[in-house]
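**Student:** I'd like to go over a predicted model; first the sequence, then the structure.
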Amino acid sequence: MSFILKLFQKKSKPVNLTICGLDKAGKTTFVNYLVHGEFRETTPTMGINRKSISFPKLDLHIFDMGGQEDFRPIWSDINEKSNALIYVVDSTDYLRFEETKRIFLDILRSQIDNEIPVLILLNKTDLPDHMERIQFTRDFGLLEDEISHTWAVFDTSAKTGEGVVESITWFLQMLGE
Ligand SMILES: Nc1nc2c(ncn2[C@@H]2O[C@H](COP(=O)(O)OP(=O)(O)OP(=O)(O)O)[C@@H](O)[C@H]2O)c(=O)[nH]1
Ligand SMILES: [Mg+2]
């Protein structure tokens, strides 16, 4: 490519994306599905797992955060520098529902700006007795007046791939892809 063409070539927009959620929610499995197009076994993320994916109009720099309690204090620093948030919830983890809701609302209130789009993944919907999306949306506090972010909830399975393309397509549109 000539020097002149390179000068006028459209640059991809860099986007920093944080993926948060409790440990074992399926964050890394989701990222793996995005990157490899198939399910891969994972090990718990110790700290931060970084991946980059290029789309035609944007470069996604993914910060897949470790969800164990010890690593959660790191989240705020990364979230404050992020342009996008994915929050992953294990749809079969009824026991920790209030814990994940509290942490999620705290991120929205104090760690990210109002204009940042938020994609919520109700993950592991391949498993029986998972939460239903409509009920989840209400119980998770998303319909409250104080929520001013653009958000959407998608049923996903990072194991079978259900909802992976649909959710990321919505998100890329919100990010200007
Ligand atoms: N059935 C099912 N299992 C899943 C799904 N997503 C993840 N898992 C499994 O759940 C376990 C935890 O997945 P991870 O992706 O490592 O979870 P994580 O949120 O990254 O966990 P931390 O790194 O500890 O924060 C693994 O055994 C995955 O295979 C899913 O959609 N369906
Ligand atoms: Mg992980």
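**Tutor:** That came through fine. Note that this is a predicted model, so its numbers are computed, not measured. Ligands and ions are numbered 1, 2, ... in the order given.
**Student:** The residue most central in space within the chain pairs with what?
**Tutor:** By CA atoms, centre = their mean, the chain has its centre lying nearest to Ile86, at 1.8 Å. On the basis of DSSP bridges, Ile86 is bridged to Ile19, Leu119.
**Student:** Surely Met65 is in contact with Thr28?
**Tutor:** No. If you go by CB atoms under 8 Å, Met65 and Thr28 don't touch, sitting 9.7 Å apart. Yep, even glycine has a C-beta here, placed from its N, CA and C like the rest.
**Student:** hey, what's in contact with both of these two?
**Tutor:** Overlap of the contact sets of Met65 and Thr28 (by CB atoms under 8 Å, 6 or more residues apart in numbering) consists of Thr45.
**Student:** Just give the nearest non-adjacent residue to Glu99, would you?
**Tutor:** Once flanking residues are discounted, Glu99 sits nearest to Leu22: 6.8 Å by CB to CB, 6 or more residues apart in numbering.
**Student:** What's the separation between that neighbour and Asp113?
**Tutor:** From Leu22 across to Asp113, the span is 23 Å (CB to CB, to the nearest Å).
**Student:** Also Glu166?
**Tutor:** According to CB to CB, Glu166 stands 26 Å off from Asp113.
**Student:** which of the two has more neighbours?
**Tutor:** Neighbour count, other CB atoms under 10 Å: between Glu166 and Asp113, Glu166 has more, with 13 against 10.
**Student:** Please name the nearest non-neighbouring residue to that one.
**Tutor:** Nearest residue to Glu166 in three dimensions, chain neighbours excluded: Phe154, at 6.1 Å (CB to CB, 6+ apart).
**Student:** tell me the contacts of that neighbour?
**Tutor:** Leu119, Ile120, Leu121, Leu122, Gly163, Glu166, Ser167, Trp170.
**Student:** Using JSON lines, lay out those together with distance to Gly37, pLDDT and secondary structure.
**Tutor:** Below are these laid out as JSON lines (distance: CB to CB, whole Å; pLDDT from 0 to 100; DSSP: H, G, I helix; E, B strand; the rest coil):
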{"residue": "Leu119", "distance to Gly37": "19", "pLDDT": "98", "secondary structure": "strand"}
{"residue": "Ile120", "distance to Gly37": "22", "pLDDT": "98", "secondary structure": "strand"}
{"residue": "Leu121", "distance to Gly37": "17", "pLDDT": "98", "secondary structure": "strand"}
{"residue": "Leu122", "distance to Gly37": "21", "pLDDT": "98", "secondary structure": "strand"}
{"residue": "Gly163", "distance to Gly37": "14", "pLDDT": "98", "secondary structure": "coil"}
{"residue": "Glu166", "distance to Gly37": "15", "pLDDT": "97", "secondary structure": "helix"}
{"residue": "Ser167", "distance to Gly37": "15", "pLDDT": "98", "secondary structure": "helix"}
{"residue": "Trp170", "distance to Gly37": "18", "pLDDT": "96", "secondary structure": "helix"}
